[in-house]
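Novice: everything below, folded, please.
(2 chains)
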Amino acid sequence: QVTLRESGPALVKPTQTLTLTCTFSGFSLSTSGMCVSWVRQPPGKALEWLALIDWDDDKYYSTSLKTRLTISKDTSKNQVVLTMTNMDPVDTATYYCARLQFGEWYFDYWGQGTLVTVSS
Amino acid sequence: QSALTQPASVSGSPGQSITISCTGTSSDVGSYNLVSWYQQHPGKAPKLMIYEGSKRPSGVSNRFSGSKSGNTASLTISGLQAEDEADYYCCSYAGSSTFVWVFGGGTKLTVL
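Specialist: Sure thing, here's the model as predicted:
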């Protein structure tokens, strides 16, 4: 059974760096073909793809946010970490992690999401 | 990458059929048969309903179907049921030299 769970601060101040952790089970990021992605959704707005990391430690980022994002993995802990620098109120959103399998290009399992509010 | 274009809202009565369109470009929807559709109920995570344009994951009702023509993908829901009321998002792989995904703006489905 595949599960993913996001964790991190509910509130960050403007200009701070956000660090989110995705802890998953039911698959391993050391298995060829496995990938984990981050997607966010501002309140009442659409989904936005942010970043992806694959089993081979290759990393891919949204063109518009790539200068602010870093994705990494700890295979031994079954965790993927996303950092976003220079947070702004417009970054207020629910952040989801989701699994994707190489060559299949869709997000088959999602976490429940974590709401991050950016406010002073 | 620009977001894919979806109608903001659609509605239908129980038992009817509705179709949600998702328009992209020749760089995303038109280039790949890799559109996926997600259903999202309020306060819940998205759920995969259609992948690779027209395939249904195990457990998804066959009332949900997908298709594509040119730069536009479509999701059709037949035999509308009250529990189908939700937001629906399309998503397309849009990579060429790198890996990128783009979502649509979302469509609110109301079952009258």
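
Novice: contacts, neighbours, all on C-alpha from now
Specialist: Fine.

Novice: mind checking the SS state of residue A:90?
Specialist: helix (DSSP: H, G, I helix; E, B strand; the rest coil).

Novice: any idea how far it is from chain B?
Specialist: Counting by C-alpha to the nearest C-alpha, to the nearest Å, the gap from residue A:90 to chain B is 17 Å.

Novice: where does pLDDT dip in chain A?
Specialist: Judged against pLDDT under 70, chain A has no low-scoring part.

Novice: burial measure for the closest residue to residue B:46 other than its chain neighbours, as a count.
Specialist: In space, and not counting its chain neighbours, residue B:46 is closest to residue B:40: 4.5 Å by C-alpha to C-alpha, 6 or more residues apart in numbering or on different chains. By other C-alpha atoms under 10 Å in any protein chain shown, the residues close to residue B:40 number 18.

Novice: for beta bridges, what are the partners of residue B:40?
Specialist: residue B:87 (DSSP bridges).

Novice: quick one, what contacts it?
Specialist: B:46, B:47, B:86, B:87, B:88, B:89 (C-alpha atoms under 8 Å, 6 or more residues apart in numbering or on different chains).

Novice: and what of residue A:78?
Specialist: A:23, A:24, A:25, A:28, A:29.

Novice: distance check, it against residue B:56.
Specialist: With distances taken as C-alpha to C-alpha, to the nearest Å, residue A:78 is found 28 Å from residue B:56.

Novice: how about the residues of chain B near chain A?
Specialist: B:1, B:34-36, B:44-48, B:51-52, B:89, B:93, B:98-106 (C-alpha under 8 Å from any C-alpha of the partner chain).

Novice: quick one: low-confidence parts of chain B?
Specialist: Ranges of chain B meeting pLDDT under 70: B:1.

Novice: what about residue B:95, how many neighbours?
Specialist: With other C-alpha under 10 Å as criterion, residue B:95 counts 15.

Novice: just give the closest residue to it, not the sequence neighbours.
Specialist: Nearest to residue B:95 is residue B:101, by C-alpha to C-alpha, 6+ apart, at 7.1 Å.
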